[in-house]
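J.: 3D model of this:
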Amino acid sequence: MPLSLPLRPALLALALTTPFAAMAASPTPPAAGPSVQDISVIAGTCANCHGPNGQSTGGIPTLRGVGERHLLLRLQAFKAGTAADATVMTRLMKGYDDAQIQALAEWFSKEAP
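T.: Numbering: from 1, shown residues only. Next up is the predicted model:
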């Protein structure tokens, strides 16, 4: 049932004076980064090429324990398509957002869990 005309301005005034109106006008806080569980799942997919926990057993580089800044720059270069030595990594990194890439760099820079 539609609201009667006299109620509409009153409801609008009420809506504009509530905290919800202030929240709508204020910038949205940044979303929290990926959870530890999310990153462990994402990092787990790296094991296909980089070995369990990012510790390679073959010709593909080990990720575990490499400096976070270096990893971040490499992952960003893969995503941007500027890493001249990239193979499949350029295509893979396009599937991750900046927060996930940052979290991956941080995850692999630490000692194995």
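J.: where in this structure is pLDDT low?
T.: 1-32, 113 (pLDDT under 70).
J.: any idea which helix is longest in it?
T.: For the chain, the longest helix by residue count, based on DSSP state H, is helix 36-50.
J.: Now do the contacts for the closest residue to Ser109 other than its chain neighbours.
T.: Closest residue to Ser109 apart from its sequence neighbours, by CB to CB, 6 or more residues apart in numbering: Glu68 at 3.7 Å. Quick note: C-beta positions are derived from backbone N, CA and C, even for glycine. Shown in contact with Glu68 (CB atoms under 8 Å, 6 or more residues apart in numbering): 105-106, 109.
J.: coming back round to it: can you give me the buried ones in the helix or strand following the longest helix of the chain?
T.: Note on helix 36-50: by DSSP states H and E, the next helix or strand toward the C-terminus is helix 68-80. Along helix 68-80, these residues count as buried under the neighbour rule (16 or more other CB atoms under 10 Å): 71-72, 74-79.
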